[in-house]
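J.: Quick check, what structure comes out for this input:
(chains A and B)
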Amino acid sequence: MRFSGRFYFGATLVILVLLVGFIGPFIVGVDPNASIGGLYDKPGTGPGMQWWLGTDNEGQSVMSNLVYGTRTSLLVGLIAGIIASSIGLVIGLIAGYAGGMLEEILMGLTNIVLAIPSIVIVILLSVSLPRRDIFTLALVIGITAWPWTARAVRAQATSVRTREHIEVAKMSGAKFWSILAWDVLPYLLSYVVMAFVLQVASAILTESSLSMLGLGPSNIVSIGMMLNWALAWGSIRVGAWWAFIPPTVMLTLIAFSLYLVQSSLDEVFNPRLRRGKKRKLVPAASGGAATAEIDEPEGEPGASVGPAALMSATVAEGKDSGGTTQ
Amino acid sequence: MGLGRYLLRKFLWYLGALLVALLLNFFLPRLIPGNPVDALVGRLSQGGAGSDQLQAMHTQYVKEFGLDKPMWQQFFIYLGNLAKGDLGTSFMQYPASVNKLVGDALPFSVALQLPAILFGWLIGNLLGAIAAFKGGWFDKGAFVGSLFLSSMPYYCLAILLLFGLAVWYPMFPQGRAYSLGLTPEFSFTFLNDAISYWWLPFLSLVLIFIGGQAVGMRSMAIYELGSDYVNYGRGLGMKDSQMVRYIFRNAMLPQITGLALSIGGLVGGALITELVFNYPGMGSLLFGAISSNDYPVIQAITLIITVTVLMANFAVEVLYGFIDPRIKATQGGDKS
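T.: This next block holds a predicted model:
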């Protein structure tokens, strides 16, 4: 298994973001809700790390808000990613392996949820919530984001179903769940990991879209909430760059690094996606999401469907993060 | 025969999805504890409006939503109103109808997004195809650039552009869609004024689209370049120009799908861009409605987003039924 330079670059960025989010709050050590100055004080007005990025509209330290906000966004992303990947994995595995009526029902459900834009469900759910904290937000995002993982996993599980070792396992008396866990799942793990990375990235973007629309977590700072305040208080128009550039850059960094890691993992796990002889490595993407009902051709197990489904989901997420989910 | 059955099945699926969406759209906001209308009237009475007027408002809402009837009857009243094309009355901007608010906002969203989608699609596909065929440094630069642009949240680019080109180096106006004192109309003065405000949000959207399309097209073209029929064709001594035509045709199909889906997702596709630029489209309308708990407006917007997306998806499935031979094969054969 050989990783490309792009993978190491992306992974370094991801680690950097994780450090900022999970170690940063301890290093900066200033309460993000404490006022340390006035409206949009310039960086370096006072001493110490909390003044590196000046103050925001409430006189709070932007540096402190940034590290705590990154932590919130990462937490929402991770929790939502775990929820979405788990639901998608279970539904996709059962549908793909069991086949028959059960598959029809499960994939019918998946396709219906997939057809309704997730941002719509997320908005409706968040509007209806009496109280929004990071767990309810993550839950809302997670339970709307699973369908495309389910579909990608099902495509993989279907191709594994007909292999000989499954027959062997059946003949030796293995139970349904045991086959699913030990004979089918290992063949899909690489896809699940990649799908998880994308789920985390898109959940973080959805969270900031929601926050900017005014549906963010109510009593805690997140990257999206910082952008929400920056827009509402006109920091861009007064040129207080320290209030809106840091969250903008941080969000871009998170999304870019996770996509980079995902697409370079894709190359490693799917040799067919690399360019021929002299050419460079690339991921194969396609937008064929709308026709995923078509059974994939036999042969190389799912090398065409898995990544195609993953990448088209990326593209879709990128566009809808407002509708996008974005 | 097979095609007809395929289309019918698809149609029923999308009808089902629409029904689920309508149910969610209707019931989710009603889960909120307390009657939204009473809460609203209570808040208005603090504002000092006359009690006769409040009573009139209350009666109208009760009548319009059928609030004195059981939930399931309310749902059918809601469906009946929708069937008549009536989206209801706004809570906060009473007595403005939601139809009018949406009618005012939608043209701005479309004017911003449709050109961005079309241009971005065209330029992005060209760029992606050239990068795939040329390879080398051009490819590398175009790919990393496109990947960066396509993975950048679209509103982050909007914020950076607004700051860079309207505040720091003021080439464009800072937000809004037209100058104060003008009213939206089809006149030269208005359109001439509005276009100067239009450029910056347009630019922020089109760049993101170019990135996304270029990444997709490049990967598709590379995938096709390595496929068996290309090697076989080359082995037969076919000319490159002829091969390029085949590759292009195969690589284009998903891209056309993508175009249709983008146009379908147009209403909900760039909600936050409008917030950043203070552009009076659907995104700004939604933001205002959310901050004032204006449920009829929120529901109307989520419904419009859903319906357009479902329609675009269905259109794509129909199109595929006609042009993709594999669907005809599976439907026509005995494989159900």
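J.: Give me the next element, helix or strand, following the host helix or strand of residue A:86.
T.: Using DSSP states H and E, residue A:86 sits in helix A:62-98. With elements assigned by DSSP H and E, the helix or strand that comes after helix A:62-98 is helix A:100-115.
J.: Name the surrounding residues that touch that following helix.
T.: Here helix A:100-115 makes contact (C-beta atoms under 8 Å, 6 or more residues apart in numbering or on different chains) with A:91-92, A:94-96, A:144, A:146-148, A:150-151, A:154, A:293, B:13-14, B:16-17, B:20, B:309-310, B:313. Where you see a C-beta, it was placed from the backbone N, CA and C, and this is true even at glycine.
J.: Is there a neighbour count for the residue of the stretch 151-300 of chain B found nearest chain A? I'd like the number.
T.: Using C-beta to the nearest C-beta, the closest approach of the stretch 151-300 of chain B to chain A is made by residue B:268 at 2.9 Å. Number of residues near residue B:268 (other C-beta atoms under 10 Å in any protein chain shown) recorded here: 30.
J.: what packs against whichever strand or helix holds it?
T.: Residue B:268 belongs to helix B:266-269 when assigned by DSSP H and E. Using 3 or more C-beta pairs under 8 Å, 6 or more residues apart in numbering or on different chains; DSSP states H and E, the elements in contact with helix B:266-269 are helix A:305-320, helix B:98-134, helix B:295-323.
J.: continuing past it, what's the next helix or strand?
T.: helix B:271-277.
J.: who touches that following helix?
T.: Against helix B:271-277 from outside (C-beta under 8 Å, 6+ apart): A:209, A:212-213, A:231, A:236, A:322-324, A:326, B:108-109, B:112, B:154-155, B:158-159, B:162, B:175-177, B:197, B:200-201, B:204-205, B:279-284, B:286-287.
J.: Now do the same contact list for the closest residue to residue A:75 other than its chain neighbours.
T.: Distances taken as C-beta to C-beta, 6 or more residues apart in numbering or on different chains place residue A:134 nearest to residue A:75, at 5.8 Å, with adjacent residues excluded. Residues in contact with residue A:134 (C-beta under 8 Å, 6+ apart) are A:72, A:75-76, A:79, A:217, A:220, A:222.
J.: what's the answer for residue A:141, then?
T.: Counting by C-beta under 8 Å, 6+ apart, residue A:141 has contacts A:76, A:80, A:84, A:122, A:203, A:206-207.
J.: now do residue A:259
T.: A:10, A:198, A:201, A:314, B:147, B:151.
J.: just these: which has the poorest pLDDT?
T.: On pLDDT alone, residue A:314 ranks lowest of these, at 39.
J.: From the contact counts, what lies against the helix holding residue A:86?
T.: For helix A:62-98, the packing partners by 3+ C-beta pairs under 8 Å, 6+ apart are helix A:5-22, helix A:24-28, helix A:100-115, helix A:134-145, helix A:147-161, helix A:185-212, helix A:223-232, helix A:241-269.
J.: now that helix and helix A:241-269, what's the angle there?
T.: Angle, helix A:62-98 to helix A:241-269, by axes from the mean of the first three to the mean of the last three C-alpha atoms, to 10 degrees: 30 degrees.
J.: What's the mean pLDDT across helix A:62-98?
T.: Helix A:62-98 comes out at a mean pLDDT of 93.
J.: in it, what counts as buried?
T.: A:62-85, A:87-89, A:91-97 (16 or more other C-beta atoms under 10 Å in any protein chain shown).
J.: cool, stretch A:41-55 as well?
T.: Those would be A:41, A:50-55, for stretch A:41-55 by 16+ other C-beta under 10 Å.
J.: Then stretch B:225-241?
T.: B:225-226, B:230, B:233.
J.: coming back round to it: quick check on the contacts of helix A:100-115: which are buried?
T.: A:91-92, A:94-96, A:144, A:146-148, A:150-151, A:154, A:293, B:13-14, B:17, B:20, B:309-310, B:313.
J.: Turn the buried ones among the contacts of helix B:271-277 into a named ChimeraX selection, would you?
T.: Of those, the buried ones go into a single ChimeraX selection, burial set by 16+ other C-beta under 10 Å:
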select /A:209,212,213,231,236,322,323,324,326 /B:108,109,112,154,155,158,159,162,175,177,197,200,201,204,205,279,280,281,282,283,284,286,287
